[in-house]
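Q: Just need the structure, nothing else, for what follows:
(chains A and B)
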Amino acid sequence: MKARKLGRGVAIVGVGMSQFGAFPGKTTRDLFAEAFLEMRDAVDKGLDPNDIEALFIGNYSSELFEGQGHTAPIMADWVGLMPRPATRIEDACASSGVALRQGVMAVASGLHDVVMVGGIEKMSDLPIAEVTDTLAKAADVLYEIPAGFTFPGFYAAMATAYMHRYGASPEALMRVALKNHDNGALNPKAQFNQTIAEVMASKRRSAEKKGLPVPEWADEMAFLRDDRANPVIAWPLRLFDCSPVTDGATAVLLVAADIAKQFTDDPVYIIGTGQASDTALHGRSNLTSIASAKAASQMAYQMAGITPADVKIAEVHDCFTIAEILASEDLGFFVPGTGHEAAEEGLTARHGPKPINTSGGLKAKGHPVGASGAGQAVEIFKQMRGQAGPRQVDREVDLALTHNVGGTGQTAVVHIYERK
Amino acid sequence: MSDRPFIEHSFQAFLREGRLMGARSRATGKVYIPPRPIDPETHSSDMEWVELSGQGTLAAFTAVFIGPAAMVEAGYDRKNPYMSGIVQLAEGPMISAQILGLDAAHPDLSFIGAPLTATFLQRGEGDTGRTYLAFQTS
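A: This is a model prediction of the structure:
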């Protein structure tokens, strides 16, 4: 693989995101405006929106979720950016990770100096069964979906292959959910702003209020093993192994590195980007790893001139708990087959040696699919600049990584960030 | 053995005839299922149809308790879950299919490696009818 370099440096100087959750009264453009305004106000030395030259917006399926196509120009219009070019990027759940890469390329090429990258998805208008069917369209509808696979089903199949090969237990998956809820509880923008213990308490309160028998669990793991409280969706994955249905929007302001100091004294530089594709799950030689994620990360590491050991924190694509374990191996943080042990031992906890998903991840923060990739960059920017509030990691973060996957790895995109 | 084009329509027509067909690259001898018009290794379009034995083993699976609309229509739900799997075929490639003959209500990792045989399920009739590839425990 030929080593590639960016044509010139690219920096993030501002980020924003809407609240993540289910918002029946809001449409995509409302959420996008929220993210835009937060991004604008977050630029330390101020942003004149007129300086934004182009928009790249990740979105999986506004047609199916909201009945609205051609969404990018509408978003640009709603934040007052006519007649700037606005382009929608669709790579399933990797849409805005790929939009970020398109924005990086637009700046690195010299075509633009200031670019806005965004992500949008409004999923909660559809009944849950239709959401499942809509997401399934990101797989191969001719050859995978007729087998009865759903997205939880695909990742469940990867989980069976992984557990069978490496002896991983369902408890390892539960540990990922516990950790990400612990982090999400400290993120005021998270859809699940609750630890598992808090979820249990609220279920007890609600049973009490309704005059029903109040459920008792010995601890969080007993709750997560309870078929009633945490039902199987696609075995071995249960409800709390799955990311939720989420409405949300995210925004990232990219500028050429040589003008970054006009916006802030503390920019975060994107020093590596990689993207790769893969065939349907059944077409792969290995079901316990996502080859496209490996390839994308190798490209990004090579461009950045760093190794996995140099990465201080990472936001990875935990659409399902097993996905975080696979990612922790594919990115080179842990040896293949040991990611489940790392999760059980707490190595990826917020104050562990390799913090993963301090935001709560897609699991607890929420997963508005087309907005999730840029949302990862939002968390990294805050953590690197010490602005993550109560979930701030306890160390200097000079190098960080994001990993965003579309489908079961038909697309993977990885970025590496540096704070100087 | 067949001059049908290497498209999904042909694959479906074979399924309706009870045949599991792949495309073999004449350049490398490698068999592809689903069938493809271009060998991804050599980019040659010199492909031929080959009938697969339908024998395989279970490589990965899930028991689906919350199914998509099509499977709900077929009668599956939380009380009657079904299994979807990835089957490693005797000829090498893997394919996705519904798995029959294993207890979907009590899934177990020991199901992996189970020997399987292709079978063809008919769902619906007339214009909405379709033949689905499935695998049954041998």
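
Q: Can I get the least confident helix or strand in chain B by mean pLDDT as CSV, trimmed to CA atoms?
A: Ranking every helix and strand in chain B by mean pLDDT, DSSP states H and E puts helix B:69-73 at the bottom, with a mean of 90. As requested, the backbone C-alpha atoms of helix B:69-73 are provided in CSV (Å, rounded to 0.1, in the frame of the first residue of the first chain):
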residue,chain,number,x,y,z
ALA,B,69,-41.9,-7.7,8.4
ALA,B,70,-41.4,-10.5,5.9
MET,B,71,-40.5,-13.1,8.5
VAL,B,72,-43.4,-11.9,10.8
GLU,B,73,-45.7,-12.5,7.8
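
Q: what does chain A put close to chain B?
A: Within chain A, the positions lying close to chain B (CB under 8 Å from any CB of the partner chain) are A:129-130, A:132-133, A:136, A:142-150, A:152-154, A:156-161, A:163-164, A:231-237, A:280-284, A:287. (Glycine included, C-beta is placed from N, CA and C.)

Q: Now which of those residues would you call buried?
A: Among these, those classed as buried by 16 or more other CB atoms under 10 Å in any protein chain shown are A:132-133, A:136, A:143-150, A:152-154, A:156-161, A:163-164, A:232-237, A:280-284, A:287.

Q: one step back: if we go by neighbour counts, what in the least confident helix or strand of chain B is buried?
A: Applying 16+ other CB under 10 Å to helix B:69-73 flags B:70-71 as buried.

Q: That one: what's the following helix or strand?
A: Past helix B:69-73, further along toward the C-terminus, the next helix or strand under DSSP states H and E is strand B:82-89.

Q: contact partners of that following strand?
A: Contacts with strand B:82-89, where a contact means CB atoms under 8 Å, 6 or more residues apart in numbering or on different chains, come from A:147-149, A:153, A:157, A:281-282, A:287, B:33, B:52-53, B:55-64, B:67, B:71, B:76, B:94-100, B:102, B:104, B:107, B:116, B:135.

Q: Take the buried ones among the residues of chain A next to chain B and keep only those in strands.
A: Secondary structure from DSSP state E places A:232-235, A:237 of those in strands.

Q: Could I get these in CSV, plus columns for distance to A:A172?
A: Output for these, formatted as CSV (distance: CB to CB, whole Å):
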residue, distance to A:A172
A:V232, 17
A:I233, 18
A:A234, 17
A:W235, 16
A:L237, 13
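
Q: What separation is there between A:W217 and A:N357?
A: 24 Å (CB to CB, to the nearest Å).

Q: Show me which of the two is the more surrounded one.
A: A count of neighbours by other CB atoms under 10 Å in any protein chain shown puts A:N357 above the other of A:W217 and A:N357, at 27 against 18.

Q: Leaving out the residues flanking it, which one is nearest to that one?
A: Spatial nearest neighbour of A:N357, excluding adjacent residues (CB to CB, 6 or more residues apart in numbering or on different chains): A:N180 at 5.4 Å.

Q: and what of B:S45?
A: Setting aside the residues directly before and after it, B:S45 is nearest to B:I38 in space (CB to CB, 6+ apart), at 5.5 Å.

Q: same question, A:G346
A: A:G346's closest residue in space is A:G352 (CB to CB, 6+ apart), at 5.2 Å.

Q: for that neighbour, phi and psi?
A: Taking degrees, to the nearest 10, you get phi -80, psi -180 for the backbone angles of A:G352.

Q: related to what we said a few turns ago, just the buried subset of the contacts of strand B:82-89, written out for PyMOL, thanks.
A: In PyMOL syntax, the buried subset of these is picked out as below (16+ other CB under 10 Å):
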select buried, (chain A and resi 147+148+149+153+157+281+282+287) or (chain B and resi 33+52+55+56+57+58+59+60+61+62+63+64+67+71+76+94+95+96+97+98+99+100+102+104+107+116+135)
